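>>> Sequence first, then the predicted structure:
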Amino acid sequence: MRLVSYSSGSDIHLGALIGEKQILNLSSLQDFYKDRIQHTFRLPNDMKQFIEQNERALPYVEALLNCYDENDFPAGNISDVEVLAPIINPEKIICVGLNYLDHCKETNMEPPATPVIFSKYANAIIGDQAAIELPVNSSQVDFEAELAIVIGKEAKCVTAAEAEDCIFGYTIMNDVSARDHQFTDGQWTRGKSADTFAPIGPSIVTKNEVGDPHKLDISLRLNGEIMQQSNTENLIFKIPYIVSFLSQTMTLKPGDLIATGTPPGVGMGRNPQVWLKEGDHLSITIENIGTLSNVVKKYKTYANSKNNSLQTSS
């Protein structure tokens, strides 16, 4: 199942993708088949709430989709709606750094003995086709294609064997990074958490449809040129271990996102280095999940605004 959040007019809806170009409004589908499927459960329009209730929601949607007949209930065209980030309000966005061996080599860093963990914040989230904004104070903005885990069940001190049961599905994240901030600050928070620096989507694909998450081709194109190309079988730390490792310290909640690291080919590792500029087009494709596409633009400041530069006072 491929689930999306989208807007049509002023309302936000939860939808299921049918093929590549069609979308079903799940609330409308529920209303249409209410006499055929007797159920007191009401589907939410918020993805996080859906994931929190997934033990009831997923079987119900599967039943609705099994009833679905395009002759009775025509699907909408995805080009007629605005696809949003599938989840905009996770409690946590957790990222794993240096999780592909060749990426460690290109950044001149030793492979870690344990996962390198950092965070992003919800202000960084944007969806498919939205614009990545270049901060006014950074000239070294980079791209990172990543497979992201979507947690579906509260996880605290779980084993690697138990981790699979805590996963709802997977999506794509671009771990956009301001390298000049990342490496001059001494820690990575500011360089990783600028507005628009966490494009995700376009959908969340349930784990049963993804299959083995360690056998997925992953690639990133910049203006049509392949920059990153690998397979998730090359992850240093595998997904069950990552979930278990994190759960020993923090309680993972439904809707939490965990980006699993990026393969080699990032801009900072190239000679000459490649930094994002206005007008660039990025697309990340992960097998069995889809393609996340974004454009790049400069942050537009307001003329004569006192906010155009840092203000200091004693």
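Right, received. Where do you want to start? Residues are numbered from 1 along each chain as shown.
>>> What is the neighbour count of the nearest residue to D128 once chain neighbours are set aside?
Using Cβ to Cβ, 6 or more residues apart in numbering and skipping residues adjacent in sequence, the residue nearest D128 is P202, 3.7 Å away. C-beta coordinates here come from the backbone N, C-alpha and C atoms, glycine included. A count of nearby residues for P202, using other Cβ atoms under 10 Å, gives 25.
>>> again with G201
Neighbours of G201 using other Cβ under 10 Å come to 29.
>>> What residues does it make contact with?
By Cβ atoms under 8 Å, 6 or more residues apart in numbering, G201 lies in contact with V4, V83, L84, A85, P86, G127, D128, T171, I172, L292.
>>> Just the ones of those residues in helices?
Of the contacts of G201, none are assigned to helices by DSSP state H.
>>> buried subset of those residues?
Among those, those buried by neighbour count (16 or more other Cβ atoms under 10 Å) are V4, V83, L84, A85, P86, G127, D128, T171, I172, L292.
>>> from memory the first one sits against A85, does it?
No: contact between V4 and A85 fails when scored by Cβ atoms under 8 Å: they sit 9.6 Å apart.
>>> Sheet partners, orientation included, of the strand or helix carrying the residue nearest to D128?
Counting by DSSP states H and E, the element that carries P202 is strand 198-206. Looking at strand 198-206 with DSSP bridges, its partner strands are strand 2-8 (antiparallel), strand 125-126 (parallel), strand 167-174 (antiparallel).
>>> pLDDT below threshold where in the chain?
Across the chain, the ranges flagged by pLDDT under 70 are 301-314.
>>> Just the buried positions in the longest helix seen in it, please.
Scanning the chain for the longest helix, with DSSP H as the assignment, gives helix 54-67. Buried residues in helix 54-67, counting neighbours by 16+ other Cβ under 10 Å, are found at N54, A57, L58, Y60, V61, L64.
>>> got JSON lines for those, with distance to Q38 too?
Below are those laid out as JSON lines (distance: Cβ to Cβ, whole Å):
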{"residue": "N54", "distance to Q38": "21"}
{"residue": "A57", "distance to Q38": "16"}
{"residue": "L58", "distance to Q38": "18"}
{"residue": "Y60", "distance to Q38": "11"}
{"residue": "V61", "distance to Q38": "15"}
{"residue": "L64", "distance to Q38": "12"}
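>>> Return the closest of these with respect to K34.
Nearest to K34 among the buried residues of helix 54-67, counting by Cβ to Cβ, is L64 at 9.9 Å.
>>> Verify the stated contact: the closest one with S27.
No: counting by Cβ under 8 Å, L64 sits too far from S27 to count as a contact (10.5 Å).
>>> Which residue comes closest to G191 once chain neighbours are left out?
Distances taken as Cβ to Cβ, 6+ apart place Q182 nearest to G191, at 3.0 Å, with adjacent residues excluded.
>>> Find the pair from the buried ones among the contacts of G201 with maximum spatial separation.
Of all pairs in those, the most separated under Cβ to Cβ is L84 and I172 at 14.3 Å.
>>> Would you map the helices across this structure?
According to DSSP H, the chain carries its helices in the segments 26-32, 47-52, 54-67, 101-106, 160-163, 179-184, 189-192, 207-210, 239-247.
>>> so which of the ones you listed comes closest to Q140?
helix 179-184 (4.2 Å).
>>> Which other helices and strands does that closest one contact?
When contacts are defined as 3 or more Cβ pairs under 8 Å, 6 or more residues apart in numbering; DSSP states H and E, helix 179-184 packs onto helix 189-192.
>>> let's go with 10 Å and repeat that
Using 3 or more Cβ pairs under 10 Å, 6 or more residues apart in numbering; DSSP states H and E, the elements in contact with helix 179-184 are strand 141-142, helix 189-192.
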